[in-house]
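J.: Build the 3D model from these lines:
(chains A and B)
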Protein chains: 2
Amino acid sequence: MQFATRLQNVETSAIRELFKLLGKPGIISFAGGFPDPALFDAQGIAQASAAVLASNPGPVLQYGATEGFGPLREGIAGFMAGKGASVTPEGLIVTTGSQQALDLIGKTMISPGDKVIVEAPTFLATIQCFRLYGAQIIGAPIDADGVDVDKLEALIEEHRPKLVYLIPTFGNPSGATLSLERRKRILEIAARTQTLVVEDDPYGELYFDQAPPPSLLALSADVPGSRDWLAHCGSFSKILSPGLRVGWMIAPPELLAKATMCKQFSDAHTSNLTQAICAHYLTMDRLNDTLKVVRRTYAERAQVMAESLRRELGDAIDFNQPQGGMFFWARLTGDRGQLSDATEFAQRAIDKLVAFVPGAPFYAHDPDHHTLRLSFATADVAKIAEGIARLGQAL
Amino acid sequence: MQFATRLQNVETSAIRELFKLLGKPGIISFAGGFPDPALFDAQGIAQASAAVLASNPGPVLQYGATEGFGPLREGIAGFMAGKGASVTPEGLIVTTGSQQALDLIGKTMISPGDKVIVEAPTFLATIQCFRLYGAQIIGAPIDADGVDVDKLEALIEEHRPKLVYLIPTFGNPSGATLSLERRKRILEIAARTQTLVVEDDPYGELYFDQAPPPSLLALSADVPGSRDWLAHCGSFSKILSPGLRVGWMIAPPELLAKATMCKQFSDAHTSNLTQAICAHYLTMDRLNDTLKVVRRTYAERAQVMAESLRRELGDAIDFNQPQGGMFFWARLTGDRGQLSDATEFAQRAIDKLVAFVPGAPFYAHDPDHHTLRLSFATADVAKIAEGIARLGQAL
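T.: Coordinates of the predicted model:
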């Protein structure tokens, strides 16, 4: 059987191989990108499901509009308004998780050979999703304040990309958050160079002490012309439940219309039942309480991870402590002749029954083999301390 | 903003324009392709939802495997075994409705310029889905026994298509069912010419008196080599609820693996909650009772539609009475100087407050402008009789 040639561009994920090892008994895993299921408000979701199936089940169980379930589009518009971003229900579509928003952007925008700029490192599934459409991916360097805007601007001028993809807040895998000043500059560059910027924002609500800077979407109101070159992807996956597969996409009207047409032939529409559950949940006044628990729990875990890393690995490892999200991004320094290759370190760690993801696959090209990603979302504080101690032994 | 060029290949659907008119007060619609929501087992679905969220909500609300929720893959394998088709849980993946199965086949198999053979007429969203991947679509003629196999074979030899897409049972829009003899011949041709055949089977359970011939999938066990060239798409949309968006795809291992990779970057996985609901529902012993009611109701409606068409339109219209499914496919004869253009007929019908879909958009090329599709699924028998009487007046 002959397959479409673009499939050759996507390598079998190195991470997939690693994940096969996670079933080992007694392993402590910092490898996943999953939220902690113990923090899901299962009771609230069950109440929402019962309510929408009891009151008027017909429209919930029937085919629905490709754009999304009306009450949910209204609910998301209200949710975004609470985060300082003005959008009408018609200005967004509901997607089957925000992964589908990325896929629809790829399907709508990318022809083989088109260039796309992403952060180096960035979300692995974005690189692979866009490569399936034949994109040439170019990485822009980042530091603790997010993408380096001077270098990003130069790359845009040089490559004239079809789009720039960013996770400005608590990035995956970087944990970095783009500063307010850089956010404004990026919006100005987008408007001036007429370059579509895709803001992926799954983690913005997972802040520890204080809210991060406003999203690019919220800030676009202050930067003339920038809203015309901005798409924003959001998701209930990290704040409510990824198993529901409900995300959304906010974009300029023409892009939104084309993406809707692509979605019609991708999956017709997102499950009305899970959409109705999310819509009802937003009216239940439970989300803020749920988020308070999630923020407190993740903050505590991140603090323990930071302290443990300093104690157990000392100057063998370098990292910036994230202020939210789910990830530490760290770099082996190789100081005093210690191990500096993260893939070899991951192998040794597995032998000590602790897992993380080496950083190389998160780069579209020119990987930094000293880097690694540690998730603090799913292990409790005792396991985090123990797991990092094992890492110290492995090193 | 510049969009990927392949989007130019998909016309704004003529049907979309028609559907805007369906909000008119008092209209009787035979236009939709929707099942009757009054026949959904909302109570059973609510029970299933409550059960899966009460017992062990974590895995249901967490991220899941791209291939699908384990218990559902087992449930579907059992369901298919009940229809005479042997498949292991690992031999199928769950999709976000069967529309996504088609999309994954397109994404996996089709490169721009590749040829695809479909029935003429066929499901509109399939034509458009494959065109988004740059396919050149070629229509094979059908009659009351489904696709003309001699002509299909000649078209395969001539065009060497990437795949052949068929709805062998109670086709949309044709209502036609492929005979047992033709099914076997198609499997032989697939194996001999090494051509992938995609069997889309959303309607097979909606039979009136007796079950249709076994699916191509079931019959492939008797035709050596044919299973290697066969993909099968199924769905809960017409038998349980389309709002859940749960379908499945059975395919040779290499194709299934590639499609799974494409799905990973399309929507990560289908909603675990709706998958778990379907899995639980299959264990509840309610599906057979639900299907009995659906079959009886649709059979009665189809009978009334057939009688009404004969009484009200006589020899102005030609049709084969379907033995299942949701559709009549009819052709204006133009006898005795009567109207023979179905698009003009549809306009006149709207003025008389009755709607149907002209047949032309269901052809990939060379449309027959005399044809039309009438759905009997959603109007009750009184409305069907009244609606067809209005059609008689419109003519």
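
J.: Was I right to think residue A:238 contacts residue A:206?
T.: Yes: counting by C-beta atoms under 8 Å, a contact exists between residue A:238 and residue A:206, whose distance comes to 6.1 Å. C-beta coordinates here come from the backbone N, C-alpha and C atoms, glycine included.

J.: Can you list the strands that the top strand by length along chain A pairs with?
T.: The strand spanning the most residues in chain A, taking DSSP state E as the definition, is strand A:136-143. Here the strand partners of strand A:136-143, with direction, are listed using DSSP bridges: strand A:115-120 (parallel), strand A:146-147 (antiparallel).

J.: Find residues that contact each of residue A:238 and residue A:206.
T.: When C-beta atoms under 8 Å, 6 or more residues apart in numbering or on different chains defines a contact, the residues bordering residue A:238 and residue A:206 alike are residue A:326.

J.: quick one on the thing from earlier: identify all contacting residues around the longest strand of chain A.
T.: Applying C-beta under 8 Å, 6+ apart, the external contacts of strand A:136-143 come out as A:113-122, A:127, A:130-131, A:147-148, A:151-152, A:155, A:159, A:161, A:164, A:171, A:174, A:176, A:363-366.

J.: Hmm, residue A:266 is touching residue A:95, no?
T.: No: in this structure, residue A:266 sits apart from residue A:95 without contact. The criterion is C-beta under 8 Å, and the distance is 9.5 Å.

J.: Identify the contacts common to the two.
T.: Common neighbours of residue A:266 and residue A:95 (criterion: C-beta under 8 Å, 6+ apart): residue A:104.

J.: re the thing from before, want to throw the strands paired with strand A:136-143 into CSV with distance to residue A:136 and mean pLDDT?
T.: As requested, those are exported to CSV (distance: least, C-beta to C-beta, whole Å; pLDDT from 0 to 100):
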stretch, distance to residue A:136, mean pLDDT
strand A:115-120, 5, 98
strand A:146-147, 18, 98
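
J.: The stretch 251-395 of chain A: helices as residue ranges?
T.: Secondary structure of the stretch 251-395 of chain A (DSSP state H, counting those that start in this stretch): helices at A:253-264, A:272-282, A:287-313, A:342-351, A:381-394.

J.: ok, and for the last one, which residues are buried?
T.: Read it as helix A:381-394. Counting neighbours by 16 or more other C-beta atoms under 10 Å in any protein chain shown, one finds that the buried residues in helix A:381-394 are A:381, A:383-392, A:394.

J.: That one relative to helix A:287-313, how many degrees between them?
T.: With axes from the mean of the first three to the mean of the last three C-alpha atoms, to 10 degrees as the basis, helix A:381-394 and helix A:287-313 are set at 30 degrees to each other.

J.: How far does stretch A:202-214 sit from its chain's centre?
T.: On the basis of C-alpha atoms, centre = their mean, to the nearest Å, stretch A:202-214 sits 13 Å off its chain's mean C-alpha point.

J.: Spell out which residues of the stretch 101-250 of chain A are next to chain B.
T.: Listed as neighbours of chain B in the stretch 101-250 of chain A under the rule C-beta under 8 Å from any C-beta of the partner chain: A:102-103, A:107-111, A:114, A:125, A:128-129, A:132-133, A:162, A:196, A:229, A:237, A:241-245.

J.: check contacts around residue A:198.
T.: If a contact means C-beta under 8 Å, 6+ apart, then residue A:198 has A:102, A:105, A:163-166, A:231-233 as its contacts.

J.: Give me the subset of the residues you listed lying in helices.
T.: When the contacts of residue A:198 are checked against helices using DSSP state H, the ones located there are A:102, A:105.

J.: State the pLDDT value of residue A:214.
T.: As predicted, residue A:214 sits at a pLDDT of 98.

J.: Spit out the contact partners of it.
T.: Applying C-beta under 8 Å, 6+ apart to residue A:214 gives the contacts A:83-85, A:180, A:183.

J.: Tell me the one of those residues nearest chain B?
T.: When the contacts of residue A:214 are ranked by distance to chain B (C-beta to the nearest C-beta), residue A:85 comes first, at 20.4 Å.

J.: Now that closest one: which helix or strand?
T.: Take DSSP states H and E as the rule and residue A:85 turns out to sit in neither a helix nor a strand.

J.: Could you count how many residues lie near it?
T.: Taking other C-beta atoms under 10 Å in any protein chain shown as the neighbour definition, residue A:85 ends up with a count of 21.

J.: pLDDT wise, what is it at?
T.: In the predicted model, residue A:85 carries a pLDDT score of 98.

J.: Now it. Its backbone dihedrals?
T.: The phi/psi pair for residue A:85 (degrees, to the nearest 10) reads phi -110, psi 120.

J.: Was I right to think it contacts residue A:215?
T.: Yes: contact criterion C-beta under 8 Å: residue A:85 and residue A:215 qualify, at 5.9 Å.

J.: before we move on, back to that, could you tell me which of the contacts of strand A:136-143 belong to strands?
T.: Restricting the contacts of strand A:136-143 to those inside strands, with DSSP E as the criterion, leaves A:115-120, A:147, A:164.

J.: Those: which two are farthest apart?
T.: When C-beta to C-beta is used, the two most widely separated members of the ones in strands among the contacts of strand A:136-143 are A:115 and A:147, lying 16.1 Å apart.
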